[in-house]
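Asker: let's see this in three dimensions:
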Amino acid sequence: MKLKPIKTEHDYHQALERLEQIFDSKPGTKEGDELEILGILIENYENDFFPIDLPDPIEAIKFRMEQLNYSQNDLAEVIGLKSRASEILNRKRKLTLEMIRKLAEKLHIPTEVLIQAY
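Answerer: Numbers count the residues shown, from 1 in each chain. Below you'll find the predicted structure:
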């Protein structure tokens, strides 16, 4: 395939088909290089035409707690009091800057997710 910018939906589908054909190419080969460049082109097109919004901060916290098998008590150890953790999860209290820093560090949630309005 001749590599070129992906500008149309037709170009996008052609690129996906080619990606599927060369998906198992070995790195450092001609097809491996094509695979890498094609992946970048496809990602850029998808970011422009199919953007994904950041998740809601509270839902992100709940999701990460579930992944880590954290209870509300575990969250309270990160941000302070158990009652404060409950208020945060029930949207009765906003996250403070200090809470955002602690959550980002301990739960590895990106700060750009946590600072959003909710």
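Asker: next SSE downstream of the lengthiest helix in the chain?
Answerer: Ranked by number of residues, the top helix in the chain under DSSP state H is helix 30-49. For helix 30-49, the following helix or strand on the C-terminal side (DSSP states H and E) is helix 57-68.
Asker: number of nearby residues for the nearest residue to S25 once chain neighbours are set aside?
Answerer: Spatial nearest neighbour of S25, chain neighbours left out: E31 (3.8 Å); criterion: CB to CB, 6 or more residues apart in numbering. C-beta: built from backbone N, CA, C; applies to glycine. As a burial measure, E31 scores 17 neighbours (other CB atoms under 10 Å).
Asker: read off the pLDDT value for E31.
Answerer: E31 is assigned 94 on the pLDDT scale.
Asker: just use 50 as the starting number from now, easier for me
Answerer: Happy to do that; since the first residue is 50 now, the last one works out to E80.
Asker: touching, it and I71? I think so.
Answerer: Yes. Taking CB atoms under 8 Å as the definition, E80 is a contact partner of I71 at 4.7 Å.
Asker: and stretch 152-167, what's its mean pLDDT?
Answerer: What stretch 152-167 shows for mean pLDDT is 95.
Asker: how long is it from one end to the other?
Answerer: 16 Å (CA to CA, to the nearest Å).
Asker: which outside residues touch that stretch?
Answerer: Contact partners of stretch 152-167, identified using CB atoms under 8 Å, 6 or more residues apart in numbering, comprise 103-107, 109-110, 113-114, 117, 119, 127-128, 140, 144, 149-150.
Asker: separation between A153 and T78?
Answerer: According to CB to CB, to the nearest Å, A153 and T78 sit 40 Å apart.
Asker: the more surrounded of the two?
Answerer: Remark: of A153 and T78, A153 carries more neighbours, 16 against 11, as counted by other CB under 10 Å.
Asker: where does that one sit: helix, strand or coil?
Answerer: When classified by DSSP: H, G, I helix; E, B strand; the rest coil, A153 comes out as helix.
Asker: now do it against T57, distance only.
Answerer: For A153, the distance to T57 (CB to CB) stands at 39 Å.
Asker: care to break this structure down by domain?
Answerer: In the domain annotation for the chain, the residue ranges read 58-98, 106-163 (automatic domain parsing).
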